[in-house]
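**Student:** I would like to see how this sequence folds:
(one chain, ligands or ions: 1)
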Amino acid sequence: MESFTITSKKVLTLVLVIDKAEQKVLLGYKKRGFGAHLWNGFGGKVEPGETTREGALRELEEEAGITVKTEDFKKAGILLFQFENDPVALETHVYKSYEYQGLIRECEEMRPQWFAFADVPYDQMWEDDRIWLPMLLNGQDPFYGRMYFKRKPVEDTKEIETTVTSVVNTSTSTHVNHSTTMTGTSFTTAQPKSGPFAMCDYQLEHSLQGVPREIALDGTIASFEN
Ligand SMILES: Nc1nc2c([nH]c(=O)n2[C@H]2C[C@H](O)[C@@H](COP(=O)(O)OP(=O)(O)OP(=O)(O)O)O2)c(=O)[nH]1
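**Tutor:** Sure, this is the predicted structure:
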(Lines give C-alpha, C1' and ligand atoms only; values in the text may rest on other atoms or scores of the structure.)
Protein backbone atom coordinates (compact mmCIF):
# COMPACT_ATOMS: atom_id res chain seq x y z
CA MET A 1 0.00 0.00 0.00
CA GLU A 2 3.05 2.27 -0.14
CA SER A 3 1.87 3.82 -3.39
CA PHE A 4 -1.22 5.00 -1.47
CA THR A 5 0.64 6.90 1.27
CA ILE A 6 -0.83 10.39 1.76
CA THR A 7 0.84 13.53 3.08
CA SER A 8 -2.02 16.03 2.74
CA LYS A 9 -5.69 16.22 1.86
CA LYS A 10 -8.19 18.46 0.12
CA VAL A 11 -11.59 18.96 1.72
CA LEU A 12 -14.62 18.41 -0.52
CA THR A 13 -18.37 18.12 -0.03
CA LEU A 14 -21.11 15.98 -1.52
CA VAL A 15 -24.87 16.47 -0.99
CA LEU A 16 -27.66 13.96 -1.59
CA VAL A 17 -31.22 15.30 -1.60
CA ILE A 18 -33.80 12.57 -1.07
CA ASP A 19 -37.55 12.44 -1.62
CA LYS A 20 -38.46 9.91 1.05
CA ALA A 21 -42.15 9.60 0.09
CA GLU A 22 -41.34 8.88 -3.56
CA GLN A 23 -38.15 6.90 -2.74
CA LYS A 24 -36.14 9.06 -5.16
CA VAL A 25 -32.74 10.72 -5.02
CA LEU A 26 -31.63 13.87 -6.85
CA LEU A 27 -28.43 13.38 -8.86
CA GLY A 28 -26.65 15.64 -11.33
CA TYR A 29 -24.97 14.72 -14.59
CA LYS A 30 -21.54 16.34 -14.43
CA LYS A 31 -20.91 18.06 -17.75
CA ARG A 32 -17.27 19.07 -17.23
CA GLY A 33 -14.27 18.90 -14.89
CA PHE A 34 -13.32 16.20 -12.42
CA GLY A 35 -15.77 13.28 -12.72
CA ALA A 36 -17.22 14.57 -16.01
CA HIS A 37 -19.89 12.36 -17.66
CA LEU A 38 -20.75 10.73 -14.34
CA TRP A 39 -23.91 11.10 -12.26
CA ASN A 40 -23.22 12.33 -8.74
CA GLY A 41 -24.54 14.27 -5.79
CA PHE A 42 -23.80 18.01 -5.67
CA GLY A 43 -20.66 19.39 -4.12
CA GLY A 44 -17.09 20.53 -4.59
CA LYS A 45 -14.16 22.17 -2.89
CA VAL A 46 -14.59 23.95 0.43
CA GLU A 47 -13.40 27.57 0.12
CA PRO A 48 -11.07 29.28 2.62
CA GLY A 49 -13.01 30.51 5.65
CA GLU A 50 -15.98 28.22 4.98
CA THR A 51 -17.12 25.30 7.13
CA THR A 52 -17.86 22.07 5.29
CA ARG A 53 -21.60 22.61 5.94
CA GLU A 54 -21.44 26.12 4.42
CA GLY A 55 -19.44 24.84 1.45
CA ALA A 56 -21.90 21.99 0.87
CA LEU A 57 -24.94 24.32 1.00
CA ARG A 58 -23.25 26.81 -1.36
CA GLU A 59 -22.42 24.10 -3.92
CA LEU A 60 -25.98 22.72 -3.75
CA GLU A 61 -27.37 26.18 -4.50
CA GLU A 62 -24.83 26.83 -7.29
CA GLU A 63 -25.22 23.44 -8.96
CA ALA A 64 -28.92 22.61 -8.45
CA GLY A 65 -30.50 25.97 -7.56
CA ILE A 66 -31.97 24.79 -4.27
CA THR A 67 -31.45 25.48 -0.57
CA VAL A 68 -31.86 23.36 2.55
CA LYS A 69 -32.67 24.63 6.06
CA THR A 70 -29.92 24.03 8.62
CA GLU A 71 -32.11 21.75 10.73
CA ASP A 72 -32.82 19.48 7.72
CA PHE A 73 -29.18 19.26 6.64
CA LYS A 74 -27.58 16.16 8.14
CA LYS A 75 -23.99 14.94 7.96
CA ALA A 76 -24.04 11.34 6.69
CA GLY A 77 -20.33 10.60 6.87
CA ILE A 78 -16.87 11.07 5.38
CA LEU A 79 -15.32 9.33 2.39
CA LEU A 80 -11.56 9.47 1.95
CA PHE A 81 -10.56 8.97 -1.68
CA GLN A 82 -6.96 7.97 -2.35
CA PHE A 83 -5.28 7.66 -5.73
CA GLU A 84 -2.23 5.58 -6.56
CA ASN A 85 1.03 7.61 -6.44
CA ASP A 86 -0.86 10.74 -5.39
CA PRO A 87 0.02 11.99 -1.89
CA VAL A 88 -3.07 14.25 -1.77
CA ALA A 89 -6.24 12.51 -0.56
CA LEU A 90 -9.75 13.88 -1.05
CA GLU A 91 -11.61 14.08 2.27
CA THR A 92 -15.22 14.26 1.14
CA HIS A 93 -17.87 15.29 3.68
CA VAL A 94 -21.21 13.75 2.71
CA TYR A 95 -24.51 15.42 3.65
CA LYS A 96 -28.13 14.45 3.09
CA SER A 97 -31.50 16.15 3.29
CA TYR A 98 -35.07 14.93 2.96
CA GLU A 99 -36.30 18.51 2.36
CA TYR A 100 -35.38 21.38 0.08
CA GLN A 101 -36.61 24.81 -0.97
CA GLY A 102 -36.58 26.42 -4.40
CA LEU A 103 -36.77 25.29 -7.99
CA ILE A 104 -34.33 22.69 -9.24
CA ARG A 105 -32.46 24.05 -12.26
CA GLU A 106 -29.60 23.05 -14.55
CA CYS A 107 -26.30 24.99 -14.61
CA GLU A 108 -23.28 24.85 -16.92
CA GLU A 109 -21.66 22.19 -14.70
CA MET A 110 -24.54 19.90 -13.66
CA ARG A 111 -27.83 18.61 -15.11
CA PRO A 112 -30.06 17.52 -12.18
CA GLN A 113 -32.49 14.59 -12.44
CA TRP A 114 -34.52 12.52 -9.96
CA PHE A 115 -33.86 8.75 -9.86
CA ALA A 116 -35.95 6.09 -8.15
CA PHE A 117 -33.78 4.23 -5.63
CA ALA A 118 -34.08 1.12 -7.82
CA ASP A 119 -32.91 2.99 -10.95
CA VAL A 120 -29.80 4.76 -9.65
CA PRO A 121 -27.32 4.53 -12.61
CA TYR A 122 -24.43 2.97 -10.70
CA ASP A 123 -22.66 1.95 -13.93
CA GLN A 124 -22.36 5.66 -14.81
CA MET A 125 -21.16 6.79 -11.38
CA TRP A 126 -17.92 6.64 -9.44
CA GLU A 127 -17.34 2.94 -8.69
CA ASP A 128 -17.45 3.33 -4.92
CA ASP A 129 -20.96 4.81 -4.96
CA ARG A 130 -22.63 1.40 -5.25
CA ILE A 131 -21.09 0.52 -1.89
CA TRP A 132 -22.09 3.47 0.28
CA LEU A 133 -25.00 5.18 -1.52
CA PRO A 134 -27.49 2.33 -0.84
CA MET A 135 -26.53 2.61 2.83
CA LEU A 136 -27.21 6.34 2.82
CA LEU A 137 -30.54 5.85 1.02
CA ASN A 138 -31.54 3.21 3.59
CA GLY A 139 -30.62 5.48 6.50
CA GLN A 140 -27.62 3.35 7.55
CA ASP A 141 -25.44 6.34 8.30
CA PRO A 142 -23.21 7.77 9.68
CA PHE A 143 -20.42 6.00 7.84
CA TYR A 144 -16.73 6.34 7.12
CA GLY A 145 -15.21 4.96 3.95
CA ARG A 146 -11.74 4.82 2.52
CA MET A 147 -11.52 4.09 -1.21
CA TYR A 148 -8.42 3.36 -3.26
CA PHE A 149 -8.23 4.07 -6.99
CA LYS A 150 -5.87 3.29 -9.82
CA ARG A 151 -5.93 5.19 -13.10
CA LYS A 152 -7.32 3.12 -15.96
CA PRO A 153 -5.07 2.87 -18.99
CA VAL A 154 -6.39 5.17 -21.69
CA GLU A 155 -6.72 4.36 -25.35
CA ASP A 156 -8.04 7.08 -27.58
CA THR A 157 -10.44 5.56 -30.01
CA LYS A 158 -11.67 2.06 -29.23
CA GLU A 159 -13.13 0.46 -26.14
CA ILE A 160 -10.53 -1.39 -24.12
CA GLU A 161 -10.54 -3.96 -21.39
CA THR A 162 -8.49 -3.54 -18.25
CA THR A 163 -7.80 -5.79 -15.34
CA VAL A 164 -7.07 -4.36 -11.94
CA THR A 165 -5.59 -6.63 -9.34
CA SER A 166 -6.68 -5.95 -5.83
CA VAL A 167 -4.16 -4.56 -3.40
CA VAL A 168 -3.35 -6.54 -0.30
CA ASN A 169 -5.75 -5.93 2.54
CA THR A 170 -4.50 -4.49 5.78
CA SER A 171 -7.15 -5.82 8.13
CA THR A 172 -7.42 -4.23 11.50
CA SER A 173 -9.90 -5.01 14.22
CA THR A 174 -11.63 -1.67 13.80
CA HIS A 175 -12.09 -1.75 10.03
CA VAL A 176 -14.39 -3.85 7.92
CA ASN A 177 -12.18 -4.61 4.95
CA HIS A 178 -13.35 -5.68 1.56
CA SER A 179 -11.07 -6.48 -1.28
CA THR A 180 -12.30 -6.55 -4.83
CA THR A 181 -10.81 -7.71 -8.07
CA MET A 182 -12.37 -6.03 -11.06
CA THR A 183 -11.95 -7.49 -14.46
CA GLY A 184 -13.08 -6.42 -17.88
CA THR A 185 -14.12 -2.85 -17.12
CA SER A 186 -14.89 -1.34 -20.50
CA PHE A 187 -14.77 2.38 -21.16
CA THR A 188 -14.02 4.94 -23.81
CA THR A 189 -12.05 8.13 -23.31
CA ALA A 190 -14.92 10.23 -24.61
CA GLN A 191 -17.51 8.81 -22.24
CA PRO A 192 -15.98 6.61 -19.56
CA LYS A 193 -18.68 4.37 -18.11
CA SER A 194 -17.63 4.74 -14.52
CA GLY A 195 -14.87 7.31 -14.84
CA PRO A 196 -11.15 7.27 -15.59
CA PHE A 197 -10.27 5.54 -12.31
CA ALA A 198 -10.81 1.95 -11.18
CA MET A 199 -11.37 1.28 -7.51
CA CYS A 200 -9.02 -1.44 -6.35
CA ASP A 201 -9.84 -1.66 -2.65
CA TYR A 202 -12.04 -0.09 -0.02
CA GLN A 203 -12.89 -0.09 3.66
CA LEU A 204 -16.23 0.95 5.04
CA GLU A 205 -17.43 1.31 8.60
CA HIS A 206 -20.94 2.18 9.63
CA SER A 207 -21.22 1.21 13.28
CA LEU A 208 -19.58 4.41 14.43
CA GLN A 209 -19.72 6.03 17.83
CA GLY A 210 -20.72 9.33 16.20
CA VAL A 211 -20.54 11.42 13.04
CA PRO A 212 -16.92 11.75 11.87
CA ARG A 213 -15.65 15.34 11.62
CA GLU A 214 -12.11 14.86 10.40
CA ILE A 215 -9.80 12.12 9.13
CA ALA A 216 -6.15 12.00 10.18
CA LEU A 217 -3.40 11.45 7.59
CA ASP A 218 -2.98 7.87 8.85
CA GLY A 219 -6.56 7.29 7.68
CA THR A 220 -8.18 7.00 11.09
CA ILE A 221 -11.05 9.17 12.32
CA ALA A 222 -9.36 12.15 14.02
CA SER A 223 -12.48 13.57 15.67
CA PHE A 224 -16.25 13.30 15.83
CA GLU A 225 -18.89 16.05 15.55
CA ASN A 226 -20.10 17.36 18.91
N1 LIG B 1 -19.93 10.09 -5.44
C2 LIG B 1 -18.62 10.34 -5.51
N3 LIG B 1 -18.21 11.62 -5.52
C4 LIG B 1 -16.92 11.83 -5.60
C5 LIG B 1 -15.97 10.81 -5.68
N6 LIG B 1 -14.74 11.38 -5.74
C7 LIG B 1 -14.93 12.74 -5.70
O8 LIG B 1 -14.07 13.63 -5.72
N9 LIG B 1 -16.27 13.00 -5.62
C10 LIG B 1 -16.97 14.29 -5.57
C11 LIG B 1 -16.59 15.18 -4.44
C12 LIG B 1 -17.00 16.53 -5.01
O13 LIG B 1 -18.40 16.73 -4.80
C14 LIG B 1 -16.73 16.40 -6.49
C15 LIG B 1 -15.39 16.96 -6.91
O16 LIG B 1 -15.38 18.31 -6.72
P17 LIG B 1 -15.14 19.31 -7.95
O18 LIG B 1 -13.78 19.05 -8.49
O19 LIG B 1 -16.31 19.25 -8.87
O20 LIG B 1 -15.16 20.66 -7.16
P21 LIG B 1 -15.64 22.09 -7.65
O22 LIG B 1 -17.11 22.06 -8.01
O23 LIG B 1 -15.23 23.03 -6.56
O24 LIG B 1 -14.78 22.19 -8.92
P25 LIG B 1 -14.56 23.37 -9.94
O26 LIG B 1 -15.70 24.33 -9.73
O27 LIG B 1 -13.20 23.88 -9.58
O28 LIG B 1 -14.62 22.65 -11.27
O29 LIG B 1 -16.72 15.00 -6.76
C30 LIG B 1 -16.42 9.48 -5.65
O31 LIG B 1 -15.67 8.52 -5.72
N32 LIG B 1 -17.76 9.29 -5.56
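**Student:** only C-alpha atoms from now on, for both contacts and neighbour counts.
**Tutor:** Will do.
**Student:** so where do the strands sit in the protein?
**Tutor:** 8-19, 24-30, 39-40, 74-83, 88-97, 110-116, 143-151, 177-179, 197-205, 212-215, 221-224 (DSSP state E).
**Student:** out of those, which gets nearest to residue 56?
**Tutor:** Residue 56 lies closest to strand 8-19 among the strands of the chain, at 5.3 Å (C-alpha to C-alpha).
**Student:** residue 98 is in contact with residue 20, correct?
**Tutor:** Yes: using C-alpha atoms under 8 Å, residue 20 is in contact with residue 98, at 6.3 Å.
**Student:** which residues of this protein lie near the ligand?
**Tutor:** 12-14, 33-34, 40, 42-45, 92, 126, 128-129 (C-alpha under 6 Å from any ligand atom).
**Student:** buried subset of the residues you listed, written for ChimeraX?
**Tutor:** If you want just the buried ones from these in ChimeraX, going by 16 or more other C-alpha atoms under 10 Å, the selection is:
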select :12,13,14,40,42,43,44,45,92,126,128
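**Student:** list the buried ones in the longest helix seen in the chain?
**Tutor:** When the chain is parsed with DSSP state H, its longest helix is helix 52-64. For helix 52-64, burial by neighbour count (16+ other C-alpha under 10 Å) applies to 52, 53, 55, 56, 57, 58, 59, 60, 61, 62, 63, 64.
**Student:** state the mean pLDDT of stretch 52-70.
**Tutor:** Mean pLDDT, stretch 52-70: 98.
**Student:** and if you look at stretch 93-107?
**Tutor:** In this model, stretch 93-107 has a mean pLDDT of 98.
**Student:** cool, stretch 36-47 as well?
**Tutor:** Average pLDDT, stretch 36-47: 97.
**Student:** any idea how far it is from the middle of the chain?
**Tutor:** Relative to its chain's centre, stretch 36-47 lies at 8 Å (C-alpha atoms, centre = their mean, to the nearest Å).
**Student:** which parts of stretch 2-19 are buried?
**Tutor:** Applying 16+ other C-alpha under 10 Å to stretch 2-19 flags 4-6, 9, 11-19 as buried.
**Student:** adding distance to residue 202, write those out as CSV.
**Tutor:** Formatted as CSV, these follow (distance: C-alpha to C-alpha, whole Å):
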residue, distance to residue 202
4, 12
5, 15
6, 15
9, 18
11, 19
12, 19
13, 19
14, 19
15, 21
16, 21
17, 25
18, 25
19, 28
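**Student:** farthest-separated two in those?
**Tutor:** Largest pairwise distance in those, by C-alpha to C-alpha, is 38.7 Å, between 5 and 19.
**Student:** go ahead and confirm residue 60 touches residue 15.
**Tutor:** Yes: under the criterion of C-alpha under 8 Å, residue 60 makes contact with residue 15 at 6.9 Å.
**Student:** what do these two both touch?
**Tutor:** Each of 42, 43 lies in contact with both residue 60 and residue 15 under the rule C-alpha atoms under 8 Å, 6 or more residues apart in numbering.
**Student:** I'd like to know which of the buried residues of helix 52-64 is nearest to the ligand.
**Tutor:** residue 59 (7.0 Å; C-alpha to the nearest ligand atom).
**Student:** contacts only, for the residue nearest to the closest one when sequence neighbours are not counted.
**Tutor:** Spatial nearest neighbour of residue 59, chain neighbours left out: residue 43 (5.0 Å); criterion: C-alpha to C-alpha, 6 or more residues apart in numbering. Neighbouring residues of residue 43 by C-alpha under 8 Å, 6+ apart: 12, 13, 14, 15, 55, 56, 59, 60, 63.
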